[in-house]
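Engineer: Sequence and predicted structure, then a few things I'm wondering about:
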Protein chains: 2
Amino acid sequence: MRSVDDRTTKSRIRDAAITCIAEHGVADTTARKVAAEAGVSAGLVIHHFGSMEGLREACDHFVATTIRSYKEDAIAGGPNIDVLAALRNADVGPLAAYLAEVLNEDSPTVARLVDELVADAEAYIEQGVEAGMVLPSSDPRGRAVVLTIWSLGALVLHRHLKRMLDVDPTSPGFGKDPSFAAYAGPLYEVYTDGFLAEPFATNLRRSIAEAQDLAQAPENEGTS
Amino acid sequence: MRSVDDRTTKSRIRDAAITCIAEHGVADTTARKVAAEAGVSAGLVIHHFGSMEGLREACDHFVATTIRSYKEDAIAGGPNIDVLAALRNADVGPLAAYLAEVLNEDSPTVARLVDELVADAEAYIEQGVEAGMVLPSSDPRGRAVVLTIWSLGALVLHRHLKRMLDVDPTSPGFGKDPSFAAYAGPLYEVYTDGFLAEPFATNLRRSIAEAQDLAQAPENEGTS
DNA sequence: ACACGGACTGAACGCGCGTATAGACTATTG
DNA sequence: CAATAGTCTATACGCGCGTTCAGTCCGTGT
């Protein structure tokens, strides 16, 4: 009768923890709640993971690994501008909501995942530039960072997006939901046309560039 | 000798709480830690604010009010595209870091503040459109929401920005720091030129628009 | 002078937390 | 069949939490 649930107890506990964190946040996820969700005792949680910190690491690692595999599927499926779009279209269950909750904790595992997302985004964008789908940039890596941060930021602030646009980027199948357009519409508008008009935009960017020069020049100076 | 600290004890406790939350997050901010920071006993914290929840509300309210007054200063100083730029340029102390920490908690006070930031952004952007500095949009409110969320998202994910670009949007005087350009450069690049090239961009947006039509049409259908 | 009320402290309360431990049950192995 | 190893529960421990409370101090009004 393993058809009901053929997963290991250990993995059921881990999944229960991911669900619990995704729904109620890291701070409100206790060993006893996870145990109840998984239908086991609290002691067993520690028995399998050593400590709550160990459980968190296991969850982070599992989520990061799962997201990596989705990314690879997306790579195999052909070039794509937005790495995160693959996650939106795939049925990731509570993974997006989990990510949204742990993105502000400082976990090395999650930090590494974000670094990888940026690196992938940079590579994808470079492919897009070569294919003529994306404009070239004077700072490809910086642009990849900024675009990824914006994507993840929208994920983290999902409650505000839900309230203001009635769109929830953490919900499974977010990319398929037609209401997705309420967020994607303005997004692609900016991505296509930009946002600032000439000549104001050029003037603004010139002053930014000057500030950047200032930031590099003083490095050669002494302490006085 | 009130020159050392002429503030009320109650406001000192509130400020200590804001500092504590800004530095260590909501979950790690306890009554005893706040009391120690303010140099008082834990009991006094509850005496003045009723409960820790009351203290949180007082902090949210104070931060929201302060940010509102900075906004009004910015309005008085003339039109500005980015409402949040006023906060970046002003010396807000730990307020930005506080905001970054509470943006994921669901506090009605913070939610209202975000709503106001969006409304202000929409008004500012409209002024920018009329002044010819900003491109018009087919969805002005949606665009204001998305741009504000991106701004706030960068604030929330400041640890990742710090790690990847060595830029910290929560640090006081962030807008003055020359290293700010590492973030602002790519940002204004996208804001000026956009990101996607034609004709790919137009095709993409057409499919978004179709999805939007689909989202509205089925409302007239029955349950089957 | 004296009563009063707010500011403030220090000790104490109950609670839920992470975790340790002892033991029961079960499957595996020789 | 007996021994072993792993899974799992129930109970308990210590800790830090938010909060309460009794009591002290002190400025003010009468």
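Structural biologist: Everything's here; your move. Numbering: from 1, shown residues only, chains lettered A, B, ... in the order given.

Engineer: Please count neighbours and contacts with C-alpha atoms only from this point.
Structural biologist: Will do.

Engineer: which residues touch stretch A:199-209?
Structural biologist: For stretch A:199-209, contacts defined as CA atoms under 8 Å, 6 or more residues apart in numbering or on different chains pick out B:Met133, B:Ala181, B:Ala184, B:Gly185, B:Tyr188, B:Glu189, B:Thr192.

Engineer: ok, which of those also contact chain A?
Structural biologist: The subset of the contacts of stretch A:199-209 within reach of chain A, by CA under 8 Å from any CA of the partner chain, is B:Met133, B:Ala181, B:Ala184, B:Gly185, B:Tyr188, B:Glu189, B:Thr192.

Engineer: quick check, the last one in a helix?
Structural biologist: Yes. When the secondary structure is assigned by DSSP: H, G, I helix; E, B strand; the rest coil, B:Thr192 falls within a helix.

Engineer: for it, what are its contacts?
Structural biologist: Contact analysis of B:Thr192 by CA under 8 Å, 6+ apart lists A:Asp193, A:Gly194, A:Phe195, A:Leu196, A:Ala197, A:Glu198, A:Ala201, A:Thr202.

Engineer: mind running it again at 6 Å?
Structural biologist: Shown in contact with B:Thr192 (CA atoms under 6 Å, 6 or more residues apart in numbering or on different chains): A:Gly194, A:Phe195, A:Leu196, A:Ala201.

Engineer: Let's have those in JSON lines, adding distance to B:Arg112.
Structural biologist: Below are the contacts of B:Thr192 laid out as JSON lines (distance: CA to CA, whole Å):
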{"residue": "A:Gly194", "distance to B:Arg112": "28"}
{"residue": "A:Phe195", "distance to B:Arg112": "26"}
{"residue": "A:Leu196", "distance to B:Arg112": "27"}
{"residue": "A:Ala201", "distance to B:Arg112": "31"}
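
Engineer: Dump those residues into a markdown table; add distance to B:Ala96 and pLDDT as well.
Structural biologist: What follows is the contacts of B:Thr192, written out as a markdown table (distance: CA to CA, whole Å; pLDDT from 0 to 100):
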| residue | distance to B:Ala96 | pLDDT |
| --- | --- | --- |
| A:Gly194 | 27 | 95 |
| A:Phe195 | 25 | 93 |
| A:Leu196 | 25 | 93 |
| A:Ala201 | 26 | 83 |
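
Engineer: From the residues you listed, list the buried ones, please.
Structural biologist: A:Gly194, A:Phe195, A:Leu196, A:Ala201 (16 or more other CA atoms under 10 Å in any protein chain shown).

Engineer: In chain A, where's the longest helix?
Structural biologist: Criterion DSSP state H: the longest helix present in chain A is helix A:52-76.

Engineer: Any part of that helix near DNA strand D?
Structural biologist: No. Applying CA under 7 Å from any atom of the strand, one finds helix A:52-76 separated from DNA strand D by no less than 13.0 Å.

Engineer: tell me the mean pLDDT over that helix?
Structural biologist: Averaging pLDDT along helix A:52-76 gives 91.

Engineer: buried residues in that helix?
Structural biologist: Quick answer for helix A:52-76 (16+ other CA under 10 Å): A:55-60, A:62-64, A:67-68, A:70-71, A:74.

Engineer: ok, so of those, who is nearest B:Thr170?
Structural biologist: A:Asp60 (25.6 Å; CA to CA).

Engineer: from the contacts of B:Thr192, which ones fall inside helices?
Structural biologist: Among those, the members falling in helices (DSSP H) are A:Ala201.

Engineer: and of the contacts of B:Thr192, the nearest to A:Thr148?
Structural biologist: Distances from A:Thr148 to the contacts of B:Thr192, taken by CA to CA, are shortest for A:Gly194, at 17.1 Å.

Engineer: Quick check: the closest one touching B:Gly194?
Structural biologist: Yes. Between A:Gly194 and B:Gly194 there is a contact under CA atoms under 6 Å: 3.7 Å.

Engineer: Mind picking out the helix or strand in chain A with the poorest mean pLDDT?
Structural biologist: When each helix and strand of chain A is scored by mean pLDDT, DSSP states H and E, helix A:83-89 comes last, with a mean of 69.

Engineer: What's the per-residue pLDDT of the residue nearest the centre of chain A here?
Structural biologist: Centroid-nearest residue in chain A, with CA atoms, centre = their mean: A:Leu152, separated by 4.3 Å. A:Leu152 is assigned 96 on the pLDDT scale.

Engineer: cool, A:Leu214 as well?
Structural biologist: 62.

Engineer: again, but for the one 10 residues further on
Structural biologist: According to the predicted model, the pLDDT of A:Ser224 comes to 39.

Engineer: Which positions in chain A make contact with chain B?
Structural biologist: Residues of chain A found near chain B (CA under 6 Å from any CA of the partner chain) are A:133-135, A:142-143, A:150, A:153, A:178, A:181, A:186, A:190-197, A:200-201, A:211-212, A:215.

Engineer: of those residues, buried ones?
Structural biologist: Buried residues within those, counting neighbours by 16+ other CA under 10 Å: A:133-135, A:142-143, A:150, A:153, A:178, A:181, A:186, A:190-197, A:201, A:211-212, A:215.

Engineer: re the thing from before, just the angle between the very next helix or strand once past the least confident helix or strand of chain A and helix A:52-76, please?
Structural biologist: Proceeding N to C from helix A:83-89, the next assigned helix or strand is helix A:95-102, under DSSP states H and E. Between helix A:95-102 and helix A:52-76, the angle comes out at 130 degrees (axes from the mean of the first three to the mean of the last three CA atoms, to 10 degrees).

Engineer: quick one: contacts of helix A:95-102?
Structural biologist: Outside helix A:95-102, the residues touching it (CA under 6 Å, 6+ apart) are A:Ala22, A:Gly25, A:Leu155, A:Val156, A:Thr170.

Engineer: And for stretch A:28-37?
Structural biologist: A:Ala16, A:Ala17, A:Ile21, A:Ser41, A:Ala42.

Engineer: For the third one, pull up the helix or strand it's in.
Structural biologist: Read that as A:Ile21. helix A:9-24.

Engineer: how about that helix: buried residues?
Structural biologist: Those buried within helix A:9-24 under the rule 16+ other CA under 10 Å are A:Thr9, A:Arg12, A:Ile13, A:Arg14, A:Asp15, A:Ala16, A:Ala17, A:Ile18, A:Thr19, A:Cys20, A:Ile21, A:Ala22.
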